Structure formats: structure tokens, C-alpha cells
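In: Quick one, what's the 3D model for this:
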Amino acid sequence: MQISLSFGESQKFELELADDKVVALCDGAGSTLPSVLEAVDAALTKPPQFPALADATVPGDLVAFAIGRHIPAVDEIIAAILQVTSRPEMADRRIAIVLPHDAAKDLEASVQQMIGERADVTVERHDPDDRNKLAFIGATKENRPIMMNRSLSDADMVVPVGLARLDSSLDYFGPYEAVFPTFTDHETMQRLSAPAFVEQPVLRKRRAGEATEVGHVLGVLFGLQVEANGPETISAIRAGAIDVLSAQIQSELANAWRYQPSKRAALAVVAISGGHSQQTWANFARALAVASAAADDNAAIMICCELSTHPSATMLQLAEHDDLDDQRRRIRRERTTDAVAALQLATTLDRNKIYLLSNLPEAIVDELNMAPVANLEEARKVCEYYDSCTFIAHGQLAEVAVEGEEISSDIDWDQYAL
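Out: Coordinates of the predicted model:
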């Protein structure tokens, strides 16, 4: 069988293996949306079971679009929002485009250029450390203060624009994550970045419930959900009542991204595709989680990527001790942005050998107890060595559920619905 797996910005891993060695080739992500503008236009002017944006607001209203993290073609989506809101029926509304604190550096400048001389539109990058740009909007059921970006708290209507993901994805916490914790204060972001909120079902439910609760306190009813068919391309943009919308989208995402190999393999090969913004430790962790579901215990995993970011101190501490149980206990107490990735790496190393084809120096990969793969020829030799292989494209978006094994999101979103 001929295997072709794209990774990074333009790399391609190709090899030929005997058919009986290939358990599964998971590479179908569906068609690409032909026009982002037309999809956003339909979402804002003809949303199902919800009035058009012009009918849901009145002159003088502030409509704030909360732009979530990791959205493909986000600049095209924002350009379409600005075009739709410039029409006569939206006259005298004020528009705020609120970007996450870690948005690409050039995105804010690009949006400013799109706005041009329009006086009715503002753009800002969220600053979780600036108390003057935060507002207290209430308290959660657990009596925790809710601090929110002031532009969102002041808005008459908040429209979250988020990336739709499978409920069971490694660090997904529901359709309201485009609002919370994306636009809260730094202290809350740190609290909710603890690995325990990803690892432990009870805490994961609690964080998901808190995000939904904050969304309701903020008065969020309507939103846009972006379905990706790759790290930088879109298959659909859905709009509507956000609680209902999320449940409807899950079946579509499962059809596109959930693969069911017939069995676990001796080697799971997972590609992280996309440019520099996709080559992150967070996506590395997601790829490891997917690979772990496809590989046998004590089998091997190979990640193909262009990761070049030097690992943080949290990651590098994995090299200082051989006791992985001790490492996991330590990492669970961390509140750093890559603590989840470090925990996923420690957990996977405990049951699988990990090969890494990346742009990192070999010495760094060795320090992290992984086996560096120098080039594509070495990657081919790794695949030829093992008796069975599963190949997974777009590993940061995919999910694997081997036949007979069950995947559960551990979250019942209905309990949080309005």
C-alpha cells in the first residue's frame, strides 16, 4: 500500500508497505468550504431558529465578537464579519472585535487594516493582566469571582466565534471556551490550566460547567462554531443558539474526525500538519493522545511534525528523573501553559516508545526520553521495522476509537443547557 502523510507546512512522508502491515490509514477530512464570506453572511443574516443579527440588535447597541483560539482562516472570518456588519441594516451599531491574548502577532494589525476608517469598529487584544480592562460580572456556583474582558462585559450582545471540537478531545471544555477562560483574568487562566482539569473526569466536568455557567452569566445565547477540515482550512461555519448548536455539531465532527481501526497497531504514526502556529507543544500533546488510542501497550508511536519551540522548564524536568510516577505527581501541581503537554508526554512514555521527527535538536529530543528521527528515510525504516502500523493525518484534530473500544467525553452538556 502506498502511504502519503502530509505534515508541517509542506512536508510529505511517503512510503510503501505491504497491505497486511497497514492497520489503517486515517486521512479523510472532508471538503473545504468554498466561500468563507458566504458562510459568515448566512450565519449572521439567516441563522436557524434565531433572528438575524440586525433583528436581534437595535441602533446604539455594542455587538462584541469574541474570537476564540486556534481558528483556521480566522482573518477571512473576521473580514467577512466586518463586511456583513457594514451593511445599511446594521447602521448605528457599534462593533468590537476582541482577540485572545495569544493571537498571532500580525492578526491585530491585519484587522486594523481591514477596519480602515470605520469609526463604528474597534479591535483589541485581550490582556488578562490589565485590571482596568477587566470587569467583575458575578460569581460562580462555587463562589469564585468571574472576571471578564471589559469590552465583552459592556456589550449588549456577545457573539463567540469558536473552533468546534469533539467533546472527548484532550483539552476541550465545551462550546463556551471561546469566551471562558479565553477572556478571563490571568489568575483564573492559571487555575484552569492545571493538568488535573484535563486528566480527571470530575474536574473536567467542573471546568466545563464553569465555562458554560460564565457564558450564561454573560448572556451569551448565540454564536458561531467553525468546523475545520484541516489545521488551516474550514469545512463549515454553523450559527445558532450555542447550547443546541454544539450538540448538533458533534455527530458531524465524529463523521469527519473519528476513526475506527480494526485493532491497535505495533506502531502509530501521527502527523501534525500546518504552519508554524500549528507546530506547538499543545498540538504535540493532542497527537500523543490520539496515538495512544491507536497503539498497543508497550508498542511505539512516531510523531511527524515541524516543532521547533524549545521546551519549557516544566517539560525539561522530565529529563531530570527516571521515576515517571513521581514526575506525574509533580506535573499535576504545575500551573504553566504546557503542563498538560508535559503530563501527556510522561503518561505516554510510561507505556510507549516515542519517536519524534521534528525541527528540534536531537539532544533536546534525547533529553525528553524520546528517540529522535533525523529525516524521512529514518522514518521509513522505523515503519518497516514494526509488524503493523496505523497512520493518522492532522493528529491535532483527529480522534481514534479502535473497534470495540468506547470513547466517552465524560461530559453531559445537557445538564448545563439553559
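In: Next, name the residue at the spatial heart of this structure.
Out: residue 70 (5.7 Å; CA atoms, centre = their mean).
In: Find the residue ranges of the protein scoring beneath the pLDDT cut-off.
Out: The chain contains residues with pLDDT under 70 at 29, 197-199, 201, 319-322, 324, 335, 407-418.
In: Okay, the closest residue to residue 358 other than its chain neighbours and residue 78: tell me how far apart.
Out: Using CB to CB, 6 or more residues apart in numbering and skipping residues adjacent in sequence, the residue nearest residue 358 is residue 307, 4.4 Å away. Heads up, the C-betas are built off the backbone N, CA and C, glycines and all. Residue 307 sits 27 Å away from residue 78, going by CB to CB, to the nearest Å.
In: Same question for residue 344.
Out: 32 Å.
In: what does residue 282 give?
Out: 22 Å.
In: out of those two, which sits in the busier spot?
Out: Ranked by neighbour count (other CB atoms under 10 Å), residue 282 and residue 78 place residue 78 first, with 24 against 18.
In: Can you tell me the SS state at the more buried one?
Out: Under DSSP: H, G, I helix; E, B strand; the rest coil, residue 78 falls in the helix class.
In: pretty sure it is in contact with residue 108, am I right?
Out: No: checked against CB atoms under 8 Å, the pair residue 78 and residue 108 is beyond contact range at 10.4 Å.
In: who's in contact with the residue nearest to the centre of the chain?
Out: 163, 277 (CB atoms under 8 Å, 6 or more residues apart in numbering).
In: Please repeat the previous calculation with a cut-off of 7 Å.
Out: Counting by CB atoms under 7 Å, 6 or more residues apart in numbering, residue 70 touches residue 163.
In: Would you check how far apart it and residue 84 are?
Out: Residue 70 is 23 Å from residue 84, by CB to CB.
In: next one: residue 323
Out: 56 Å.
In: out of these two, which sits in the more crowded spot?
Out: Neighbour count, other CB under 10 Å: between residue 323 and residue 84, residue 84 has more, with 21 against 9.
In: Now do the contacts for that one.
Out: So residue 84 contacts 40-41, 44-45 (CB under 7 Å, 6+ apart).
In: The stretch 301-418 of the chain: helices as residue ranges?
Out: Chain-ordered helices for the stretch 301-418 of the chain, with DSSP state H, counting those that start in this stretch as the definition, fall at 313-316, 324-332, 339-349, 362-367, 376-385.
In: List just the one of those that sits closest to residue 298.
Out: Set against residue 298 and scored by CB to CB, the helices of the stretch 301-418 of the chain come closest in helix 339-349, at 11.7 Å.
In: Pull the residues that contact that closest one.
Out: In contact with helix 339-349 (CB under 7 Å, 6+ apart) are residues 171, 193-195, 198-199, 281-282, 284-285, 288-289, 292, 301, 314-315, 318, 324, 327-328, 331-332, 354, 368-369.
In: And it, how far out from the chain middle?
Out: 17 Å (CA atoms, centre = their mean, to the nearest Å).
In: repeat for stretch 350-357
Out: Using CA atoms, centre = their mean, the offset of stretch 350-357 from its chain centre is 23 Å.
In: neighbours around residue 401, how many?
Out: 17.
In: Filter the contacts of helix 339-349 down to the ones in strands?
Out: 301, 354 (DSSP state E).
In: pretty sure residue 101 is touching residue 127, no?
Out: Yes: at 6.4 Å, residue 101 counts as touching residue 127 under the criterion of CB atoms under 7 Å.
In: contacting residues for residue 315?
Out: So residue 315 contacts 281, 338, 341-342, 368 (CB under 7 Å, 6+ apart).
In: go again using 6 Å as the cut-off
Out: residue 342 (CB atoms under 6 Å, 6 or more residues apart in numbering).
In: show me where the stretch 1-150 of the chain has strands.
Out: 2-7, 11-16, 22-26, 62-67, 94-99, 121-125, 134-139, 145-149 (DSSP state E, counting those that start in this stretch).
In: helices or strands up against the fifth one?
Out: Looking back up the chat, that one is strand 94-99. Helices and strands touching strand 94-99, by 3 or more CB pairs under 6 Å, 6 or more residues apart in numbering; DSSP states H and E, are strand 62-67, strand 121-125.
In: any idea of the angle the shortest one forms with strand 62-67?
Out: With axes from the mean of the first three to the mean of the last three CA atoms, to 10 degrees as the criterion, the two stretches strand 121-125 and strand 62-67 enclose an angle of 40 degrees.
In: Return the set of buried residues in strand 121-125.
Out: Within strand 121-125, the residues that count as buried by 16 or more other CB atoms under 10 Å are 121-125.
In: mind listing what residue 397 touches?
Out: Applying CB under 6 Å, 6+ apart, the residues contacting residue 397 are residue 257.
In: wait, residue 153
Out: So residue 153 contacts 135, 137 (CB under 6 Å, 6+ apart).
In: In a helix, it, correct?
Out: Yes: Residue 153 forms part of a helix when assessed by three-state DSSP.
In: before we move on, back to that, which of the contacts of residue 84 lies closest to residue 389?
Out: For these, the nearest to residue 389 is residue 40 (40.3 Å; CB to CB).
In: From the structure, what's the count of residues near the closest residue in space to that closest one that isn't next to it in sequence?
Out: Using CB to CB, 6+ apart and skipping the chain neighbours, the partner closest in space to residue 40 is residue 80 (3.6 Å). Neighbourhood size, residue 80 [other CB under 10 Å]: 21.
In: Check the gap between residue 80 and residue 399 for me.
Out: Using CB to CB, one obtains 29 Å as the distance from residue 80 to residue 399.
In: Ok, residue 242 next?
Out: From residue 242 across to residue 399, the span is 22 Å (CB to CB).
In: what's residue 265 in contact with, if anything?
Out: Residue 265 neighbours (CB under 6 Å, 6+ apart): 23, 295, 388-390.
In: Tell me the bridge partners for it.
Out: Listed by DSSP bridges, the beta-bridge partners for residue 265 are residue 295.
In: that older thread, between the contacts of residue 265, which has the most around it?
Out: residue 295 (31 neighbours).
In: Was I right to think that residue contacts residue 269?
Out: No: Residue 295 lies out of contact with residue 269 (CB atoms under 6 Å); the separation is 9.6 Å.
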